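> What follows is a protein structure lacking sequence information:
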């Protein structure tokens, strides 16, 4: 099913009361700002480790940590920053080919894309209006010149390659995000509980529309066509 977590019944609610805080960049002040890494926090709501920054004006924020940074390091934020791991800079100030993550969709929104563990993007090209960035998916996307990003790649790379070893570990992992476990296959359910349920005739009889209820959103719902394409 598509609706595995959210604001529905208690079984599917995301435990947002356990998530640490909102994660976003500090506002720009028109000058280069320095901050010290004073600690790290493991947030159950995110796959990346968070680093706690303390600025010269005593402001403290949490943002996704890059790979290789440590407690006591000094990072810079602004248009004229050093090109080192952890520094926050507008895309227009970062050379092509540098690894970046936690990119803003619009200047000042605090960071929206490429924030999961091990995520990394690369600047491909620049023009007078936009900057083209290659996302972890391989897709090329254009961003405004003033959108900010963090230099480096997000901490926690290789997380998905670590084996679970026990079903209990998988259960705790999914429970931290408000996800159901174990997930029972639809074909093993009763007809009243799932479109694929019942002992025979597995699969929905026809394609479901995009406007149907979440419980009907299984298989090829909203598809333009189904089946093998004829040569």
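It's in. Remember, predicted model here, so these are calculated numbers, not experimental data.
> these two touch, right, residue 50 and residue 19?
No: using CB atoms under 8 Å, residue 50 is not in contact with residue 19; the gap is 10.6 Å. All C-beta spots, glycine's among them, are computed from the backbone N, C-alpha and C.
> With neighbour numbers in mind, choose between these two.
residue 50 (21 against 15; other CB atoms under 10 Å).
> follow-up on the earlier one: overlap of the contact sets of residue 50 and residue 19?
Listed contacts common to residue 50 and residue 19 are residue 43; contacts here mean CB atoms under 8 Å, 6 or more residues apart in numbering.
> Do a quick rundown of the helices in the chain.
For the chain, applying DSSP state H gives helices covering 167-175.
> What's the biggest strand in it, counting residues?
In the chain, with assignment by DSSP state E, the single longest strand is strand 33-41.
> packing partners for that one?
Strand 33-41 sits against strand 50-55, strand 74-77, with contacts defined as 3 or more CB pairs under 8 Å, 6 or more residues apart in numbering; DSSP states H and E.
> For that strand, give me every contacting residue.
By CB under 8 Å, 6+ apart, the residues outside strand 33-41 that reach it are 20, 26, 49-56, 60, 62, 65, 69-78, 86.
> Tell me the buried residues in that strand?
33, 35, 37 (16 or more other CB atoms under 10 Å).
> swap in stretch 216-223?
Residues of stretch 216-223 classed as buried: 216, 217, 218, 221 (neighbour count, 16+ other CB under 10 Å).
> How about residues contacting it?
For stretch 216-223, the external contacting residues (CB under 8 Å, 6+ apart) are 1-3, 186, 194-196, 203-204, 207-210, 212, 226.
> Greatest separation within those: which pair is it?
3 and 226 (22.1 Å; CB to CB).
> Who has more neighbours out of the two?
Neighbour count, other CB under 10 Å: between residue 3 and residue 226, residue 3 has more, with 12 against 9.
> Please name the strands paired to the longest strand of the chain in the sheet, noting orientation.
strand 50-55 (antiparallel), strand 74-77 (antiparallel) (DSSP bridges).
> Model confidence for the residue with the largest distance to the centre of the chain, exactly?
Centroid-distance maximum for the chain: residue 200 at 39.3 Å, with CA atoms, centre = their mean. On pLDDT, residue 200 comes in at 82.
> ok, of the contacts of stretch 216-223, which one's closest to residue 133?
Nearest to residue 133 among these is residue 2, at 28.2 Å by CB to CB.
> hang on, the earlier thing: narrow the contacts of strand 33-41 to just the buried residues.
Applying 16+ other CB under 10 Å to the contacts of strand 33-41 flags 26, 49-53, 55, 62, 65, 69, 73, 75-78, 86 as buried.
> Farthest-apart pair in those, please.
Longest span within the buried ones among the contacts of strand 33-41, CB to CB: 49 and 78, 24.0 Å.
> which stretches of this protein form strands?
33-41, 50-55, 60-64, 74-77, 88-90, 99-101, 121-126, 130-134, 140-144, 148-151.
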